[in-house]
Structures are given as C-alpha cells and as structure tokens.
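# let me see the structure of the following:
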Amino acid sequence: MKLATLRVNGSTRAVRLDGDRLVDLGATDLGELFSRDGWAERAAAADALRTYPVEGADFAPVVPRPSKVVCVGLNYKNHIQEMGRDLPQYPTLFAKFADCLIGATDQIARPEETTEFDWEVELAVVIGAPVRRARGAQAEAAIAGFTVLNDITCRDWQFRTREWLQGKMWDSSTPVGPYVVTPDELPGGVRPRLDVKLSVGGAVMQHDNTGDLLFDPVSLVEYISTVVRLNPGDIIATGTPGGVGHARDPKRYLTGGERVVSEIQGIGRLDNTVAEEGTA
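Below is the predicted model of the structure:
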C-alpha cells in the first residue's frame, strides 16, 4: 500500500492511494492510523466511500507530529569517503523535531543566518508499532513502511561544534513524503534495494542505491530501540549518499529559488523550492 497524510479544508486526513484517487482511512493522519491495532488490515480494507483526487493533492508530512525523528549520519560508503571519515563501527545518531518537517511540495525555508544550506536525500523508515529493545522479527514487524526525506542542513551551524544538532533542526526545513510505502511493495522488503536520486535545478547531484547502506533499516530499528522506545509514527532517516554540496569542489549551496527534487524508486518524489525564511 501507498499511504499518505493529506491536507483537506484546514485539517488533515490519512489516505490510501487507489489509482487516481486517495481513499480516506478514517484517521486524521498516519501517526493516528499506525497507533491503532490492526492498522494495516483496516487500511487495506477501507472502502472508497470518501475519496480525494491525486491531482492537485496537498500532502502534509506523512506523520505531522511524530514523537521523535531519529537521523543517521555517515551511512553510505561513498558519502563517508567524500567527507573524509573512516567507516563507523556504530550508527551516528542525531535528532530532528516535528517543527522541522514540511510536506512533499512545500517550500523549504532557508534561514537568513546560514550561507551553507545543503541537501541530503534519504530513505526514511516509519514505525508502525511500539518497540523497545527489538530484535530480529520484532524489529522487522515494527516497520510500517518507507518514505523519502530531504535532510536539509546548515553546514556552517553543523560544524560550529562537534555535535551536529544545531545544523539539522531548523524550522520548516525538512520535506518528508509524499507516501509511506509498505515493505511488501518494495524489492527487498524491510531491507529495500532502491535507487535514490536528488537534483537541483534539473542537474543530478546525488544518485545511489539503498543497498549501499552500512546499517540497514532493521539493524537501525534494533539499535535505536535499545536506547529509546520507538512509537507508531516515529521516523528514522537512514542517511544520505555522496554528492552533497559541502563535499563538492568548489562547494555548492542552496541560496534561494532553486527547485530541489528528491526521488526514491517505488516510493515517490519530493519536489520543493527553496525560499527565504518568512516567505515559505
């Protein structure tokens, strides 16, 4: 299934893609849907009594208010190499917050405080069941599906200190969506092997495959749930491949007005324009 959260008349609705229509699933958003027992069966069985057209759909972040967004740095071999680092023994973790998230076609707010605004296309895991210290089959079953996330980063703020959080947590900067796709629809299932691509102004900047991940989605659910409980609707951003602007020679950053398209095979695309903060 392809699931989404749709903005409708000042509110939001959880929906399932069905051809050229979006079927209402009787929940305000995917976070609420995933918190219900048997959500997958309910979503699959929902009839088309209330639908919305896909054309012109206004997608909210797939989960507008997750309890947490955990992000992984340095998880593709080529990105680790371009950043001049050794392969890590453990995942590098940091966080984002719900206020960071925007929808699949929303404008990205570029803060006036940065001159090094960068892109990072990522496969993101969406959690569909509460888990703590999950292992094996339990970790696999906790994965509701996968979506696309662009971990937009203020590099000058990221590298002010050894901790990255202040470069990653800017308001209205992180597109996520448009769909959560359940593992049964993807090659590789809960360990998908999917092409990942990002372009700026029509020029491809990043292109890789999720098969290059050092720590796959299941291992990340296991590792992160050891530290903190994962709740339905929580998001894990699995890291970005090579091709970020900061690692280019000369370096290249987003200055405003650019169209940034982030795509993952079988899931969908984010299509966002970079705006100055206050105009997004």
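
# distance check, Ile224 against Asp99.
21 Å (Cβ to Cβ, to the nearest Å). (Glycine included, C-beta is placed from N, CA and C.)

# more crowded one of those two?
Neighbour tally, Ile224 and Asp99, criterion other Cβ atoms under 10 Å: the higher count belongs to Ile224, 23 against 13.

# surely that one touches Leu230?
Yes: Ile224 is within contact range of Leu230, at 6.5 Å (criterion: Cβ atoms under 8 Å).

# residues contacting the nearest residue to Thr51 once chain neighbours are set aside?
Of all residues not flanking Thr51 in the chain, Arg21 sits nearest, at 4.3 Å (Cβ to Cβ, 6 or more residues apart in numbering). By Cβ atoms under 8 Å, 6 or more residues apart in numbering, the contact list for Arg21 reads 48, 51-54.

# how about low-confidence regions in this structure?
Scanning the chain for pLDDT under 70 picks out the ranges 277-280.

# what strand or helix carries the spatially most central residue of it?
Nearest to the mean C-alpha position of the chain, counting by Cα atoms, centre = their mean, stands Leu149 at 2.7 Å. Here Leu149 is covered by strand 143-150, with elements defined by DSSP states H and E.

# follow-up on the earlier one: which strand residues bridge the residue nearest to Thr51?
Here Arg21 sits in beta bridges with Asp18, Pro53, going by DSSP bridges.

# could you measure from it over to Ala57?
10 Å.

# repeat for Ala142
In terms of Cβ to Cβ, Ala142 sits 28 Å off from Ala57.

# the more surrounded of the two?
Between Ala142 and Ala57, Ala142 has the larger neighbour count (other Cβ under 10 Å), namely 23 against 19.

# right, and the more buried one touches Ala129 too?
Yes: the pair Ala142 and Ala129 passes the contact test of Cβ under 8 Å, sitting 4.7 Å apart.
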